[in-house]
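# A predicted structure for the sequence below; I have some questions about it.
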Amino acid sequence: MRIRVEDSSDRGRYEAFADDERAGYLAYRREGGMLALDHTDVRERFEGEGVGSSLVARALDDAREQDLAVIPFCPFANDYIKRHAEYADLVPESEREKFGLS
C-alpha cells in the first residue's frame, strides 16, 4: 500500500490517502509561529498500516522546514514524538514537561 499525505491548509488538516483512497487525517491549527496538532483520525480498515505515523511525520517535517514550534495536543502525535526523539526539539522547551517530553 502506498500512503500519500497532502496538506489541506484550507481545511486545517493533513489528509492521508492509501492507494488514492482517503485513509485518515490530522487536524491542526496554525497560529503565528506555532502548529498545534489537535486530532488524528484513521479509518478503521487502515489502522496499523502506518497512516497515522505518516500524517504526523509529514506535519512535523513541514513544521521543521517552516521553522514552526509544535504543540502536540493530540495523544497520538505526542506519543509519536516520544518514540521519535529527533522531533522533541520542535516542542518549545517550556512546554515539554507538560507533554512528558522532558
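On my side now, so go ahead.
# list the contacts for Ser54?
Contacts were defined as CB atoms under 8 Å, 6 or more residues apart in numbering; by that measure Ser54 touches Ile3, Val5, Ala16. To be clear about C-beta, it is placed using only N, CA and C from the backbone, and glycine gets the same treatment.
# what helix or strand is the second one on?
Remark: Val5 resides in strand 3-8, with elements defined by DSSP states H and E.
# and that strand, which residues are buried?
For strand 3-8, the neighbour count (16 or more other CB atoms under 10 Å) marks Ile3, Val5 as buried.
# swap in stretch 92-102?
Buried-residue list, stretch 92-102, by 16+ other CB under 10 Å: Phe99, Leu101.
# end to end on it, go ahead and measure it.
Its first and final residues considered, stretch 92-102 spans 11 Å by CA to CA, to the nearest Å.
# would you turn the contacts of Ser54 into JSON lines with distance to Ala63 and pLDDT?
Below are those laid out as JSON lines (distance: CB to CB, whole Å; pLDDT from 0 to 100):
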{"residue": "Ile3", "distance to Ala63": "19", "pLDDT": "97"}
{"residue": "Val5", "distance to Ala63": "14", "pLDDT": "98"}
{"residue": "Ala16", "distance to Ala63": "17", "pLDDT": "98"}
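# what's the offset of the strand holding Val5 from the middle of its chain?
How far strand 3-8 lies from its chain's middle: 11 Å, per CA atoms, centre = their mean, to the nearest Å.
# for stretch 75-93, same thing?
Remark: stretch 75-93 is offset 10 Å from the chain centroid, using CA atoms, centre = their mean.
# ok, stretch 53-67 next?
For stretch 53-67, the separation from the chain centroid amounts to 6 Å (computed by CA atoms, centre = their mean).
# just the CA atoms of it, as CSV, please.
Extracted as CSV, the C-alpha positions of stretch 53-67 are listed here (Å, rounded to 0.1, in the frame of the first residue of the first chain):
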residue,chain,number,x,y,z
SER,A,53,2.5,7.9,11.6
SER,A,54,2.8,9.2,8.0
LEU,A,55,0.4,12.0,8.9
VAL,A,56,2.3,13.1,12.0
ALA,A,57,5.7,12.7,10.4
ARG,A,58,4.7,15.0,7.5
ALA,A,59,3.3,17.6,9.8
LEU,A,60,6.5,17.6,11.9
ASP,A,61,8.7,17.7,8.8
ASP,A,62,6.7,20.6,7.5
ALA,A,63,6.9,22.4,10.9
ARG,A,64,10.7,22.0,10.9
GLU,A,65,11.0,23.2,7.3
GLN,A,66,8.8,26.3,8.1
ASP,A,67,10.5,26.9,11.5
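# alright, I will stop here.
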